[in-house]
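Asker: Requesting a structural model of the entry that follows:
(one chain, ligands or ions: 1)
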Amino acid sequence: MTANGTATIDAPRAPLTSNGSAPSAAARAGGGEHPKLFQRVRDQMDRAAEAIGLAPEVRTILSSPACEIGVNFPVKMDDGRVEMFSGYRVQHNNVLGPFKGGIRYHPDVSLDEVRALAAWMTIKCALVDIPFGGGKGGVQVDPSTLSRRELERMTRRFVYALGANIGPGYDVPAPDVNTDARTMAWIVDTYAATLPPQERFRALGVVTGKPVSAGGSVGREKATGQGVVDLIEMWAADQRCKVADLSYTVQGFGKVGSWAARILKDKGAKLLAVQDATGAIKAYTSAGLDADVLAEHVKKTGGVAGFAGAQATSREAFFATQADVFIPAALENQVTDETARLLQVRLVAEGANGPTTTEGDAVLRERHIAVLPDVLCNAGGVIVSYFEWLQNRSGAAWNAAEVDQRLREILERAYARVKQMAADKSLDWRDAAYAVALRRIEQVYGERGIFP
Ligand code: GLU
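Answerer: So this is what the prediction gives:
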C-alpha cells in the first residue's frame, strides 16, 4: 500500500480490456514483439552507469519504480452499459522533484510500457536539469472508439480513481499519446472537485499542458516539436550546415511530428515523406510536402493517407527515403534491426519516446548514423511544462518569445553537456545523455544520503 492507501502492484497483472475480454499475450507482455520495454531502459542505464563508474546504489534504486498504481474503474457508456477500464500511474523516482510525465490513451498500454516511459522521464528531467522526477500514466483504450462524452467520463473517472496519488507538489501529469489540452482541462476540473472548496485554487498545477485560457502556458502545445527543431539546428551547426538546406522524413503526424514539421517548414527544410498508422506518403518533387496543409488534412481525416498533395508509398519505401534527417514521432520500437538498415539518413532525431530498439541502435551505430536520443530530443515538452507549472505557482504569464528563449537556453546547455560527456568518455549520444542524467541523480543521492 502507498502512504495514502492505494494498492500498488508488484508485477504485471492481466487487466481486462475495455470490452471486457482478456488482453492478448502481446498486450500483456508490453506490446507486440518487443516484450520488455522496462528491461531495455534498465539495460540503457546499466551501459551508461558502467561507462562512468556510477555509484552502485544509484543503479540499484533506479532499477525499480518507487510506486506503481493500477486501477480498474467503471465508466457509463452512452448506450447505458457500464464498461471497466484499466489505468496505470507509475512513479519512478522523485529525488529531484515531483513525479512528472504524461498520460497516454492507447490499446497497447501496459504496466511494463508505463514503467519504461516513467523511467525515461526520470532520465529526461535529470538530463535537462529541471526539478522534476519521472512518472507516467496510461489507460488501455482505443480513444477513437469512444464518443467525446465517453472520453470525458472515462478521464474524470480515472482521475477520481487516482485520487491523492497526483497533486501539484507530488505528481504532475501532462499530455502524451492521444491526450491533449482538453484532456488536461478535464483532469484539473475533476481533481479540483475532490478538494475542499477553500483549497481548490491550488488545483491548477496538478497537470501541465492545459489550454492557455485555463491556466496553460503559451508555447506548450508546440514545445516538443520546437525542441526537436532546436536540437536539429544545434546538430546542423556542428555539421557546418543550415537547417534550410536539410531534407527530412517524419513518422507520426500527431502533436510532435506535425509541430516539428510546421516549424521546419518556416526554416526552409524540405519534408520528403511521412508515415503513420493510416499509411505512408511521399512528395511529388524535391520541393517537399506542405506541412501546414498536411496538418489540416490529418485533423480532418485522422491520418496522412489520402493526402492530395502527395503520392502513396509503402512503409519500406518510406524508411528507405533518402534524406538528411529522420524524425520518429510516433510510438516505441519503430527503428528496429530491419528498419534501421533501410534508413538513408545522416541523423535520427527521436521525437517519440523509445522509438529505437536495442538492435536498431546497434545498426545505427554500425552504420554511423547520428542519433539525438529521445531523452534529449523530445525534452522540449516537459521543459515548457516546467514553465507552465512555475507560472501557475507564481500567477505570472510569460510571453511566447520568453518561453521560446528559455527553452532554447535549457536545451543548449543540455546539448553541450551531452556533447562534452560523449567526447570525454568516448560514448555515443544515447549513452552520453544517460550518463549526464545519472551523474545528476547520483550527486543528489550523495548529498542527501538514503533514509534511514
Ligand atoms: N509526454 C511528454 C513526454 O513524454 C511530456 C511530459 C510532460 O510534459 O510532463 O515528455
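Asker: Can you name the residues of this protein that neighbour the ligand?
Answerer: For the chain, the residues in contact with the ligand (C-beta under 6 Å from any ligand atom) are Lys100, Gly101, Gly102, Ala174, Asp176, Thr208, Gly209, Asn353, Asn378, Gly381, Val382, Ser385. To be clear about C-beta, it is placed using only N, CA and C from the backbone, and glycine gets the same treatment.
Asker: Counting neighbours, which of the residues you listed comes out on top?
Answerer: Neighbour counts for those peak at Gly101, which has 33 neighbours (criterion: other C-beta atoms under 10 Å).
Asker: pLDDT value on the residue in the stretch 351-452 of the chain that the ligand sits nearest to, please?
Answerer: Residue of the stretch 351-452 of the chain nearest the ligand, by C-beta to the nearest ligand atom: Ser385 (3.3 Å). Looking at Ser385, its pLDDT reads 98.
Asker: so it sits in a strand?
Answerer: No. Applying DSSP: H, G, I helix; E, B strand; the rest coil, one finds Ser385 to be helix, outside a strand.
Asker: That one and Pro98, how far apart?
Answerer: The gap separating Ser385 from Pro98 is 11 Å, by C-beta to C-beta, to the nearest Å.
Asker: what residues do the two have in common as contacts?
Answerer: Contact criterion C-beta atoms under 8 Å, 6 or more residues apart in numbering; residues shared by Ser385 and Pro98: Val172.
Asker: The residue of the stretch 351-452 of the chain closest to the ligand - nearest residue in space that isn't next to it in sequence?
Answerer: In space, and not counting its chain neighbours, Ser385 is closest to Thr208: 3.7 Å by C-beta to C-beta, 6 or more residues apart in numbering.
Asker: give me the element the one you found is part of.
Answerer: Counting by DSSP states H and E, no helix or strand carries Thr208.
Asker: In the stretch 351-452 of the chain, what residue spans correspond to helices?
Answerer: Taking DSSP state H, counting those that start in this stretch, the helices of the stretch 351-452 of the chain run over residues 358-366, 374-377, 380-394, 400-425, 429-448.
Asker: Out of the ones you listed, which is the most enclosed?
Answerer: helix 374-377 (a mean of 28; mean count of other C-beta atoms under 10 Å).
Asker: mind checking how far the residue of the stretch 351-452 of the chain closest to the ligand is from Val363?
Answerer: Ser385 sits at a distance of 33 Å from Val363 (criterion: C-beta to C-beta).
Asker: got the contact list for Tyr445?
Answerer: Tyr445 neighbours (C-beta under 8 Å, 6+ apart): Ala55, Glu57, Val58, Ile61, Val95.
Asker: Buried only: go through those residues for me.
Answerer: Ala55, Val58, Val95 (16 or more other C-beta atoms under 10 Å).
Asker: Just the closest of those to the ligand, please.
Answerer: Val95 (17.0 Å).
Asker: Can you tell me, leaving aside adjacent residues, what's nearest to that closest one?
Answerer: Val95's closest residue in space is Val444 (C-beta to C-beta, 6+ apart), at 5.2 Å.
Asker: likewise Ala280?
Answerer: Nearest residue to Ala280, sequence neighbours excluded (C-beta to C-beta, 6+ apart): Phe318, at 4.0 Å.
Asker: tell me, how many neighbours does the one you found end up with?
Answerer: Neighbours of Phe318 using other C-beta under 10 Å come to 23.
Asker: quick check, it in a helix?
Answerer: Yes. Counting by three-state DSSP, Phe318 is found in a helix.
Asker: how much space between Met77 and the ligand?
Answerer: Noted for Met77: a distance of 27 Å to the ligand, by C-beta to the nearest ligand atom, to the nearest Å.
Asker: Around that residue, how many other residues sit close by?
Answerer: A count of nearby residues for Met77, using other C-beta under 10 Å, gives 16.
Asker: Is it in contact with Glu83, as I believe?
Answerer: Yes. Using C-beta atoms under 8 Å, Met77 is in contact with Glu83, at 5.7 Å.
Asker: contacting residues for the residue of the chain at minimum distance from the ligand?
Answerer: For the chain and the ligand, the shortest gap (C-beta to the nearest ligand atom) falls at Gly102, measuring 2.8 Å. Applying C-beta under 8 Å, 6+ apart, we find Gly102 in contact with Leu117, Lys136, Gly137, Pro173, Ala174, Pro175, Asp176, Val177, Thr179, Gly209, Gly381.
Asker: wouldn't Cys125 be in contact with Pro98 here?
Answerer: No. With contact defined as C-beta under 8 Å, Cys125 does not count as touching Pro98 (9.8 Å).
Asker: who has more neighbours, the two?
Answerer: Legend: neighbour count by other C-beta under 10 Å for Cys125 and Pro98, higher for Cys125 (32 against 20).
Asker: show me what contacts the more buried one?
Answerer: Contacts for Cys125 (C-beta under 8 Å, 6+ apart) come out as Leu96, Gly97, Lys100, Pro131, Phe132, Gly133, Gly134, Val382.
Asker: export the residues you listed to a markdown table and tack on secondary structure and pLDDT?
Answerer: Listed next are the contacts of Cys125 as a markdown table, based on DSSP: H, G, I helix; E, B strand; the rest coil; pLDDT from 0 to 100:
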| residue | secondary structure | pLDDT |
| --- | --- | --- |
| Leu96 | coil | 98 |
| Gly97 | coil | 98 |
| Lys100 | strand | 98 |
| Pro131 | coil | 98 |
| Phe132 | coil | 98 |
| Gly133 | coil | 98 |
| Gly134 | strand | 98 |
| Val382 | helix | 98 |
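Asker: Check these against Phe307 and report the nearest one.
Answerer: Val382 (30.6 Å; C-beta to C-beta).
Asker: For the closest one, give its distance to Val218.
Answerer: Remark: distance between Val382 and Val218 (C-beta to C-beta) = 16 Å.
Asker: swap in Lys265?
Answerer: In terms of C-beta to C-beta, Lys265 sits 20 Å off from Val218.
Asker: Per-residue confidence at Phe201, what does it come out as?
Answerer: If you check Phe201, the pLDDT there is 88.
Asker: what's around it, how many residues?
Answerer: 9.
Asker: all helices of the stretch 1-150 of the chain, in order?
Answerer: Using DSSP H, counting those that start in this stretch, helices in the stretch 1-150 of the chain cover 25-29, 37-52, 56-62, 111-128, 148-162.
Asker: Tabulate these in a markdown table, adding columns for mean pLDDT.
Answerer: Formatted as a markdown table, the helices of the stretch 1-150 of the chain follow (pLDDT from 0 to 100):
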| stretch | mean pLDDT |
| --- | --- |
| helix 25-29 | 36 |
| helix 37-52 | 97 |
| helix 56-62 | 97 |
| helix 111-128 | 98 |
| helix 148-162 | 98 |
